[in-house]
Structure formats: structure tokens, C-alpha cells
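> I would like to see how this sequence folds:
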Amino acid sequence: MLVKLYENGNDEAFDVLLERYQKSIYGFILTLVCDVTAAEDIFQETFYKAIVCLRSHRYTETGRFQSWLIRIANNLIVDRHRRHEPIVDSATNQDHDRLFNRGDLVEGSIEDSYHNEQTMKDVQKMIALLPEPQQEVVRLRIYDKKSFKEIADLTNCSINTALGRMRYATINLRRMAARNKLDLTFVNYD
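Residues are numbered from 1 along each chain as shown. Reported below is the predicted structural model:
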């Protein structure tokens, strides 16, 4: 019923769907990719694809809505893997990180601290170049750790709009970093 309402233009119906399935879909994605940034990207893309499909009336009810979302997310993960984008191998890399990147064994150098500081300044400069609505969503999501539902409420827009703004902000930030040949990796001491 919520899907039909959304297909017919009721944005609040999608807000309910998102709130209902957000945790399980994100958890599914994070379990497979074991990388928060990649999981957030795939999560956003999953719901973006769902929005496009629903609005164009291409969704055919063949089972549970959650299963359909999981299938979209899984396809995106497979596509990302095929493009050779890095997805963390959960067992190998986590064990490697635990053994070799322990903060109690290695203290960060002054150069590492400077690198992280400079990277953060670069990110903040790029965020400042985004359109204001995208800046607001990025700050609320990344710095204030707000959910997309909370962001939608705070910015007086629908969850779809908040998701779209975050997606475009991510795309724009990646383009800026590539264009300026910026290395935006942080040195982790933990």
C-alpha cells in the first residue's frame, strides 16, 4: 500500500518505507562491504534507484519490498566489485588491521598528524564549495551524525530530497578531489 501511495506522488509514504527498512538494508550492505563509507554510498544509491524505479512505475510487486531493496543493494555491490573499486575483504583485511595497525604499538608521527590535519582542511574547503543545500546535508550527516529522517525534518524537505542532496554532494566532492588530484585518505592510529 505504501509503495502504491508513493508511486502516486505521496512522499510521506516513502519516508515511512525508508524509516522501516533503513537499518536492515544498511546493515546488510555493511556486513558485505565492511567499510562505512562504501556502505553509505551503496545505501544511498540503493534508495536512489528505488526512488527512480518507483516514480517511473517500473516496480512490479513479486514479493516483499525489503527483498527487492536487498536485491538492488546486492547488485550494486557486485557492480562495484566488477569495476574493481576497493571493497574490504572482511576476514583478511580486518585480521590484518588488528595485527599490524594497532595504536598501542605505534604512535602517529608528526607527519601523519599534519597529513590528517591537511586532509581535513581540504575536505572542509571542498564542502564550502558545494551548493548550500548540499553543504547542510553533509554537515548534518557527517559531523552531527543525523539520520536521513532527522535531516529531512531539520531541513524541512522529504527524505528523498535529503538522500539526493547527499548523493550529489558525494559525487561533487569526489569530482573536486579528482580534478585537484587530492589524496583524501587519513592515517589511522587505532
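> OK, contacts around the residue nearest the centre of the chain?
By C-alpha atoms, centre = their mean, the chain has its centre lying nearest to Glu40, at 2.1 Å. By C-beta atoms under 8 Å, 6 or more residues apart in numbering, Glu40 lies in contact with Tyr26. C-beta coordinates here come from the backbone N, C-alpha and C atoms, glycine included.
> cool, the one 3 residues further on as well?
In this structure, Phe43 makes contact with Ile25, Tyr26, Ile29, Ala73, judged by C-beta under 8 Å, 6+ apart.
> Check the secondary structure at the closest residue to Gln135 other than its chain neighbours for me.
Once flanking residues are discounted, Gln135 sits nearest to Ile127: 5.7 Å by C-beta to C-beta, 6 or more residues apart in numbering. Three-state assignment for Ile127 (DSSP: H, G, I helix; E, B strand; the rest coil): helix.
> again, but for Lys146
Relying on three-state DSSP, one would call Lys146 coil.
> Could you do Gln22 as well?
Under the three-state scheme (three-state DSSP), Gln22 adopts helix.
> so it touches Ile159, yeah?
No: using C-beta atoms under 8 Å, Gln22 is not in contact with Ile159, being 9.0 Å away.
> Touching both of those two, which residues are there?
The contact sets of Gln22 and Ile159 overlap at Phe148, Lys149 (C-beta under 8 Å, 6+ apart).
> just to revisit the earlier point, ok, which pair from the contacts of Phe43 is furthest apart?
For those, the maximum inter-member distance is 9.0 Å, found between Tyr26 and Ala73 (C-beta to C-beta).
> Pick out whichever of these two has more residues nearby.
Taking neighbours as other C-beta atoms under 10 Å, Tyr26 and Ala73 compare with Ala73 leading, 24 against 19.
> element containing the residue nearest to the more buried one when sequence neighbours are not counted?
Counting by C-beta to C-beta, 6+ apart, Ala73 lies nearest to Thr46, which is 4.4 Å off, once chain neighbours are set aside. Following DSSP states H and E, one finds Thr46 within helix 36-55.
> how distant is that helix from the center of its chain?
8 Å (C-alpha atoms, centre = their mean, to the nearest Å).
> Whatever helix or strand comes next after it vs helix 36-55, what angle?
Reading on from helix 36-55 to the C-terminus, the next helix or strand found by DSSP H and E is helix 65-82. Inter-element angle recorded for helix 65-82 and helix 36-55: 130 degrees (by axes from the mean of the first three to the mean of the last three C-alpha atoms, to 10 degrees).
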